[in-house]
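Novice: Fold the following.
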Amino acid sequence: MPTFLADPPSFLFLFLGIVVILAGAVWSSRRERNSLIVFAVSMLLVLLLLLLDQTSESPREEAVRRVMAMVNAADKHDPEGFVNQLADTFEYQTDAGKIALSREQIRKANFWNVLKQYNVHVAAWDFARADVKQLDSNTIEIGFLGKGEADGKQFPMYFRATFARQPSGEMKLVALGSFDPLKRQNERKAIPQFP
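Specialist: Sure thing, here's the model as predicted:
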């Protein structure tokens with residue numbers, strides 16, 4: 001299904017909503033059959049678009065869902081839930097360069113002990129459409145803000161996450177870069193104690 005229908009932009013809903021309101025107002029004032037047909041068709045278009053949006057998941061929506069699953073797993077200190085969203089190996093871009101990591105390395109990393117020890121709260125937000133790049137039909141890169149918080153201190157970051165379709169058909173994380181939240185991609189910033 002085309003991404004335009006599976007993940008319609010907000011302006012499309014706004015436009016169709018205005019059309020429905022105007023068509024409803026015209027029908028209400030005139031009470032003619034033609035204006036009723038225009039109103040009914042515009043309502044059907046909105047309902048069809050809503051149905052398509054709710055029943056289809058675009059690559060961007062799947063990537064955001066998987067990032068949120070990783071964030072929830074990190075927040076609950078659940079390594080298994082976290083690594084379920086990763087490809088067999090993925091690249092993490094550190095200050096020093098790229099490193100390849102396996103799911104098993106992440107599952108057994110000391111990072112999880114640090115999260116538990118300091119009772120770190122993890123959150124992510126701002127999955128803006130402007131920060132999405134469709135690299136090819138099976139690969140998408142998204143950007144978002146995130147933070148770790150412990151003892152009232154926050155550690156905000158900007159992330160670029162690349163997801164690729166796996167042989168199973170699922171999108172999995174294949175690359176992750178972390179950056180200063182103000183300078184974005186101009187200054188790399190490592191996740192403390194990761195991996």
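
Novice: Let me see the ranges of the helices in the protein.
Specialist: If DSSP state H is used as the criterion, the helices of the chain fall at 3-6, 10-30, 33-55, 59-75, 79-83, 103-107, 111-117.

Novice: Which strands and helices lie in contact with the second one?
Specialist: If I follow you right, that is helix 10-30. helix 33-55 (3 or more C-beta pairs under 8 Å, 6 or more residues apart in numbering; DSSP states H and E). C-betas here are computed from N, CA, C, even on glycine.

Novice: Also the fifth one?
Specialist: Contacts defined by 3+ C-beta pairs under 8 Å, 6+ apart place helix 79-83 against helix 59-75, helix 103-107.

Novice: Show me what counts as buried in it.
Specialist: Neighbour counts over helix 79-83 (16 or more other C-beta atoms under 10 Å) mark 79, 82-83 as buried.

Novice: Can you tell me how far the nearest residue to residue 26 once chain neighbours are set aside is from residue 24?
Specialist: Leaving aside its sequence neighbours, residue 26 sits nearest to residue 35 (C-beta to C-beta, 6 or more residues apart in numbering; 4.8 Å). Separation of residue 35 from residue 24 (C-beta to C-beta, to the nearest Å) stands at 9 Å.

Novice: and what of residue 102?
Specialist: Distance, residue 102 to residue 24, by C-beta to C-beta: 57 Å.

Novice: can you check residue 33 too?
Specialist: Using C-beta to C-beta, residue 33 is found at 15 Å from residue 24.

Novice: Settle it for me: which of these two has more neighbours?
Specialist: residue 24 (17 against 9; other C-beta atoms under 10 Å).

Novice: does that one really touch residue 39, like I thought?
Specialist: Yes. Contact status for residue 24 versus residue 39: in contact at 5.3 Å, counting by C-beta atoms under 8 Å.

Novice: Tell me where the model's unsure across the protein.
Specialist: For the chain, the stretches flagged by pLDDT under 70 are 1-6.
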